[in-house]
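S.K.: Generate a structure from the sequence data that follows.
(chains A and B, ligands or ions: 2)
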Amino acid sequence: MKIEAKNVKFFYGQDQVLKDISMSIKKNTVTALIGPSGCGKSTFLRLFNRMNDLIEGARLEGEILIDGVDIYNKNINVNELRKTIGMVFQKPNPFPKTIYENVAYGLKVNGVSDKNIIEESVEQSLKQAALWEEVKDKLKKSAFALSGGQQQRLCIARALAVKPSILLMDEPASALDPISSIKIEELIYQLKSSYTILIVTHNMQQASRTSDKTAFFYMGELVEFDDTRTLFTNPKKERTQNYITGRFG
Amino acid sequence: MKEKIIEKLLLFCALLTIFTTLGIIAVLLIQSFNFFKEVSFFDFVTDTEWTPLFSNKRYGILPLLSGTLLTTLIAVLVAVPIGLIIAIYLSEYAPKKVRSILKPSLEILAAVPTVVYGYFALVYVTPFLQSIFPSLSGFNSLSPGLMMGIMILPLVSSLSEDALYAVPKFLKEGSFALGATRFQTAWKVMVPAAFSGIAVSVILAISRAIGETMIVAIAAGQQPRLTFNPFVPVETATTYIVQVSSGDVPHDSIEYRTIFAVGMSLFVITLILNNISFWLKRKYQATYS
Ligand SMILES: Nc1ncnc2c1ncn2[C@@H]1O[C@H](COP(=O)(O)OP(=O)(O)OP(=O)(O)O)[C@@H](O)[C@H]1O
Ligand SMILES: [Mg+2]
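M.R.: Ligands and ions are numbered 1, 2, ... in the order given. Now for the predicted structure:
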């Protein structure tokens, strides 16, 4: 057992956006989070690397456990925690630095200064993110010179460089063209063997193609959580049925 | 009918400002041209003495420029680090409440009449500094430079803070998500991302310091001197212009025309700075859209 949410409730000020969610996720699986806009998918995802800590007035009830440890425990070092959990955002967000520096950033802020180690890790991460061949001759160029799809793979490489065990992806392909989007999907498929992946997506095909398990959220509630194939072919709840067949949402 | 009159009136106002500016530039150009008929341009930019009001007339702008440069440099050395630290604190650390109080309070600093800063420099800061550095003259560039730094501080802090605040949130989150601390995020991601805005704020502050007249006229002295010693009296370009235009120099004399040549030099410097900031803005604007 790797990741567990126990009776999670989440509030932005007075607004409760997550209502008593419990869910457990196994190691080295891909879990898709689906549901209509505003149902709380991103909020839920961002609980696992404590990204919501940055929001003033937000409040969590319940527990998030990773390998049995409550990550909201007082003794947890948030920076250390975030090192073990990579995140990829909806819009590619490379830093205003070179391609090389973007990937090296995570290592450097975590105190790695050995040039050889960094260089090796940059190359390895870029290879893992299927970007190495395209950028190996222009590592010193600005990351903004890359296309959107390349930028997103760079952001994945950047996350992989710090060797996380969990990857959180919030609609990683929604801002990309279909071909780049497929590339990201293939990448997710390859990364699965060594990472536990949570991915938010609005794209049903993408969810069914990439994930082992799918969780359907609706208005802050976890309506259904099951094997992806079961959920898409034989959903138990009518709401899920309506959503995946496109009758609402 | 009424609409038409209003429209004409507005147009008239717009044209008036344009013509005023053009008029000023024309006067500057013509008078400088007349000046350079009598003084060689080469002497003007290379001579190290500025004594147009003495019997042994020398027309080297360098001493005035060094006075301006020195006071400006001191001001910038004060305003840029402190201003940047304040900007980072306000945008990255301060709770919303603190920010909403601190930012306007800082901007008040810019609203203090500069004559107040000038007298403060002369009457309080210089004597205080003299108690630390006995060799400090009564007029010097250190004390007005420091005061000028405080005057332009809000310009740097406020505009830099705006620039930092405008950096997209997802960039900051990207850094935190990799385990970076707040300080690492601010310093290694936010500041570079806001670089053009910060640079523009610094350039604006420099322009403001170069053009500042009152503080230096009061506290820096009126002795043109090619030096980078902050302890001795100097004269800035602006102070010289005040000195001559408020004195009794005949209007159609070479002495009088010197102020246009000096004014022209200031104008050119500020124009260059303006262009740099414009170019910086354009160059870095398209980055996040
Ligand atoms: N920073 C915030 N402050 C206040 N309310 C917020 C904040 N972020 C999100 N919300 C609200 O919380 C609810 C859930 O938002 P969330 O972003 O988690 O939804 P989502 O399922 O990811 O939607 P989408 O598919 O559009 O990304 C929404 O009603 C949203 O308006
Ligand atoms: Mg979302």
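S.K.: Can you list the residue ranges for helices in chain B?
M.R.: Assigned helices in chain B, in chain order: B:2-38, B:41-46, B:62-88, B:96-108, B:114-120, B:126-132, B:142-165, B:169-176, B:182-185, B:191-193, B:195-211, B:214-219, B:237-245, B:254-285 (criterion: DSSP state H).
S.K.: I meant chain A, not that one.
M.R.: Counting by DSSP H, the helices of chain A are A:41-45, A:78-83, A:99-109, A:115-128, A:132-135, A:148-161, A:178-191, A:204-210, A:228-233, A:238-244.
S.K.: do stretch A:198-210 and chain B meet?
M.R.: No - Stretch A:198-210 is not in contact with chain B by CB under 8 Å from any CB of the partner chain; minimum separation 13.4 Å. Every residue, glycine included, has its C-beta placed from N, CA and C.
S.K.: Please spell out which residues along that stretch are buried.
M.R.: A:198-201, A:203-204, A:206-210 (16 or more other CB atoms under 10 Å in any protein chain shown).
S.K.: One more: stretch B:159-170?
M.R.: Quick answer for stretch B:159-170 (16+ other CB under 10 Å): B:159-164, B:167.
S.K.: Chain A: which of those is nearest?
M.R.: residue B:167 (9.1 Å; CB to the nearest CB).
S.K.: if I pick residue B:230, what's in contact with it?
M.R.: B:70, B:74, B:140-142, B:145 (CB atoms under 8 Å, 6 or more residues apart in numbering or on different chains).
S.K.: Quick check: of these, which lies closest to residue A:63?
M.R.: Looking at those and their distance to residue A:63, the nearest is residue B:74, at 56.7 Å (CB to CB).
S.K.: Tell me how many other residues crowd the closest one.
M.R.: Number of residues near residue B:74 (other CB atoms under 10 Å in any protein chain shown) recorded here: 21.
S.K.: so what are the domain limits for chain A?
M.R.: A:1-84+A:166-249, A:92-163 (automatic domain parsing).
S.K.: who's in contact with residue A:25?
M.R.: A:2-4, A:31, A:196, A:198, A:213.
S.K.: whoops, I mixed them up, residue A:83
M.R.: Applying CB under 8 Å, 6+ apart, the residues contacting residue A:83 are A:106, A:110, A:162, A:164, B:178-179.
S.K.: Mind putting the domains of chain A into CSV with mean pLDDT?
M.R.: Below are the domains of chain A laid out as CSV (pLDDT from 0 to 100):
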stretch, mean pLDDT
domain A:1-84+A:166-249, 91
domain A:92-163, 93
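S.K.: Relative to residue B:32, tell me which of these wins on proximity.
M.R.: Per CB to CB, nearest to residue B:32 of the domains of chain A: domain A:92-163, 42.3 Å.
S.K.: still on that earlier bit, which of the contacts of residue A:25 lies closest to chain B?
M.R.: Nearest to chain B among the contacts of residue A:25, with distances taken as CB to the nearest CB, is residue A:198, at 13.4 Å.
S.K.: ok, now how distant is that closest one from residue B:267?
M.R.: Distance of residue A:198 to residue B:267, given as CB to CB, to the nearest Å: 61 Å.
S.K.: can you redo the helices of chain B as TSV with mean pLDDT and distance to residue B:55?
M.R.: Below are those laid out as TSV (pLDDT from 0 to 100; distance: least, CB to CB, whole Å):
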stretch	mean pLDDT	distance to residue B:55
helix B:2-38	93	16
helix B:41-46	92	17
helix B:62-88	96	18
helix B:96-108	90	48
helix B:114-120	95	31
helix B:126-132	96	32
helix B:142-165	95	30
helix B:169-176	94	64
helix B:182-185	94	61
helix B:191-193	92	54
helix B:195-211	93	31
helix B:214-219	94	25
helix B:237-245	93	16
helix B:254-285	90	12
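S.K.: Thanks a lot, see you next time.
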